[in-house]
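>>> okay, sequence plus prediction incoming.
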Amino acid sequence: METAWIPLGYLVAASLFILGLRDLGKVRTARRGNTLAAVGMFLAIVVTLIDAAAVDYRYILAGLLIGSAVGAVVAVRVPMTSMPEMVGLLNGFGGAASALVAVSILFQEFQKHPSSNSESLASLFGGYQTAVTGELTLIVGAATFSGSYIAYLKLRGTAIERAMRLPGGNYLTLVSLIASLALAGVLTVVPFTDATTTTLFFVLMGISFLLGVAMVMPIGGADMPVVIAFLNSLSGIAGAMAGFVLSNYLLIIAGSLVGASGLILTEIMCKAMNRSTISVFFGRFGGEVSAAAQAGYTNVKEAGPDEVAMLLEDATGVVFVPGYGLAVARAQHITRELADFLQARGTRVQYAIHPVAGRMPGHMNVLLAEADVPYDQLIEMQDINPEFKSFDVAIVLGANDVVNPAALNDKSSPIYGMPILNVHEARTVVVVKRSLSPGFAGIRNALFDNNNTVMCFGDAKQVIADVLKELKA
Amino acid sequence: MISTFVIGLYVFVLAIFIGFEVITKIPPTLHTPLMSGSNAISGITLVGALFCARTGEASVANILGFLAIAFATINVVGGFMVTDRMLRMFKKKR
């Protein structure tokens, strides 16, 4: 009976996770929520250390210390602009851990029986449920790892950023999924020697890696946030499956909590981009583009920083429309300086935030928060869209597809129907951009050709600094 | 008598419902921190990993367990710290 408080400790930890997740959903309580969840995790680890009743803690402590050190260093060093790929990478580590747990459990079971015996996984693991959940831990964990790693590479903007067709296309995903389930089925019921079981287990892991790669590879960089949310959900499921194998309810609760909330987040993000989950995973984004969408520009007007400064001088209302390009140019701080300067002169200043601005929903809010922009100046799409008419100047900083009016009026455009910020309704639109090159969707932006649009070519940080200098002069 | 596995299934299904309910109306401002925070919680697989390195011998099971612990801890520690770093920056007024 002395161990009765162990499950109670797990229960407290599980409750802290639920409360933490709930608080993470509100701006005022979010930080507390994260702390609650972290405390829950710490408690879970302490209780588990006692529950596991290890005879020797050296391996455990080494793992905890090395993991903490690496995690802490990475967390402190990563720049805010790289947050999306960071989440992807961390998620991959979680998936890898689950897969390793599955393999480790297999080897633990080997130690418990005479090595000459041929046994099926069901008899090794003491039941079909344990065998199947163990295999699912491996499959889901390994697929999460490889998928997250590909997503990480794509978000870092390496050569594989664009949607890539693998041989076999979507069939490869389907075939590797079926192959992994079939092999898992065989392993569950057919008795093999330890050596054969080991080999087949690693083959299963290999197929699962392939599954993750096949799933993520054909998806373009623009859709990666959705993919990461989905993989986050998967890594939770892998944890829950491990919980079944170990009969550990905390693992089951926390894993399925994350599994479910990750799915909801996936939904929310798809909605923000006006895409169905199906079309993200089996769609044709970044594929064929209509001729109209690829045609050149005919009506581009250029303006220098001095002209932009003159526009701002006369404006009573200015709205900034930041995109990922702003973050790449590290122009958040100088933009805030310009905004503060204008505000001090009595100009009405707001920021229009598209739900998927940046490379992950909410990413832009984080980047602007880092530059000390108060979050009540950040206006969300549905609130700012009716207001654009009332602004004299809209400054588009490194945003592209999310301000393309083709989404509203060109039925042949691949982004037709995507909700956009109606910046073209402002009296004058200033687009600060290095060149006329297309955004993630790879298409022409009709905004650049509008009569009320002027292009100010250059690096966002430099341009804004020059504009500010002109204004102060 | 209900087996441990079936109780596990009950817990699994009920926790999924809670997961759906807890995350409903999230302001877009918080999507990134929320994803990173729930990602840290998904490092819970660390609990499973701790059961995999219980002895001092250099067996395959132990070494794999050690690796699993290290990976999961990176996920957990990195995830919570990075989320806190993001949330610390959210302020209303200067």
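Happy to help now that I have it.
>>> gap between stretch A:131-139 and the chain center?
Distance of stretch A:131-139 from the chain centroid (C-alpha atoms, centre = their mean, to the nearest Å) equals 25 Å.
>>> hang on, I meant stretch A:177-193
Remark: stretch A:177-193 is offset 32 Å from the chain centroid, using C-alpha atoms, centre = their mean.
>>> neighbouring contacts of it?
With C-beta atoms under 8 Å, 6 or more residues apart in numbering or on different chains as the contact definition, stretch A:177-193 has outside contacts at A:118-123, A:128, A:131-132, A:135-136, A:139, A:197, A:200-201, A:203-204, A:207-208, A:211. (C-beta placed from N, C-alpha, C; glycine too.)
>>> now do stretch A:466-473
By C-beta under 8 Å, 6+ apart, the surrounding residues in contact with stretch A:466-473 are A:Pro305, A:Asp306, A:Val308, A:Ala309, A:Leu312, A:Glu313, A:Ile334, A:Glu337, A:Leu338, A:Phe341, A:Leu342.
>>> my read: B:Met35 touches A:Met360, true?
Yes: contact criterion C-beta atoms under 8 Å: B:Met35 and A:Met360 qualify, at 7.1 Å.
>>> looking at the two, which has the bigger crowd around it?
B:Met35 (32 against 26; other C-beta atoms under 10 Å in any protein chain shown).
>>> ok so, going back, mutual contacts of B:Met35 and A:Met360, please.
Here B:Met35 and A:Met360 share the contacting residues A:Val87, A:Ile228, scored by C-beta under 8 Å, 6+ apart.
>>> hmm, back to that, wait, which of the contacts of stretch A:466-473 is closest to chain B?
Using C-beta to the nearest C-beta, A:Glu337 is the member of the contacts of stretch A:466-473 that lies nearest chain B, at 12.9 Å.
>>> which helix or which strand is home to the closest one?
Assigned by DSSP states H and E, A:Glu337 belongs to helix A:332-344.
>>> how about that helix: buried residues?
For helix A:332-344, the neighbour count (16 or more other C-beta atoms under 10 Å in any protein chain shown) marks A:Gln332, A:Ile334, A:Thr335, A:Arg336, A:Leu338, A:Ala339, A:Phe341, A:Leu342 as buried.
>>> other residues contacting that helix?
By C-beta under 8 Å, 6+ apart, the surrounding residues in contact with helix A:332-344 are A:312, A:315, A:318, A:320, A:322, A:326, A:349, A:351, A:367-368, A:370-373, A:377, A:397, A:460-461, A:464-465, A:467-468, A:471-472.
>>> in helices, which of those residues appear?
A:312, A:326, A:367-368, A:370, A:460-461, A:464-465, A:467-468, A:471-472 (DSSP state H).
>>> thinking again about what came up before, which ChimeraX command selects the buried ones in the contacts of stretch A:177-193?
In ChimeraX, a selection of the buried entries from the contacts of stretch A:177-193 looks like this (16+ other C-beta under 10 Å):
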select /A:119,120,121,122,123,131,132,135,136,139,197,200,201,204,207,208,211
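>>> flag every buried residue along stretch A:238-256.
Buried residues in stretch A:238-256, counted by 16+ other C-beta under 10 Å: A:238-246, A:248-256.
>>> intersect these with the contacts of chain B.
Contacts with chain B within those, counted by C-beta under 8 Å from any C-beta of the partner chain: A:238-240, A:242-246, A:248-256.
>>> pretty sure A:Glu370 contacts A:Thr81?
No: contact criterion C-beta under 8 Å: A:Glu370 and A:Thr81 do not qualify, at 9.2 Å.
>>> which stretches of the chain have low pLDDT?
If you meant another chain, say so; for now it's chain A. The model of chain A has pLDDT under 70 over residues A:1-2, A:157-169, A:221-222, A:272-275, A:282-295, A:440.
>>> hmm, I had chain B in mind actually
In chain B, residues with pLDDT under 70: B:1, B:91-94.
>>> for the longest helix belonging to it, packing partners?
If you go by DSSP H, chain B has its longest helix at helix B:60-88. Packing partners of helix B:60-88 (3 or more C-beta pairs under 8 Å, 6 or more residues apart in numbering or on different chains; DSSP states H and E): helix A:30-51, helix A:58-77, helix A:83-111, helix B:31-41, helix B:45-50.
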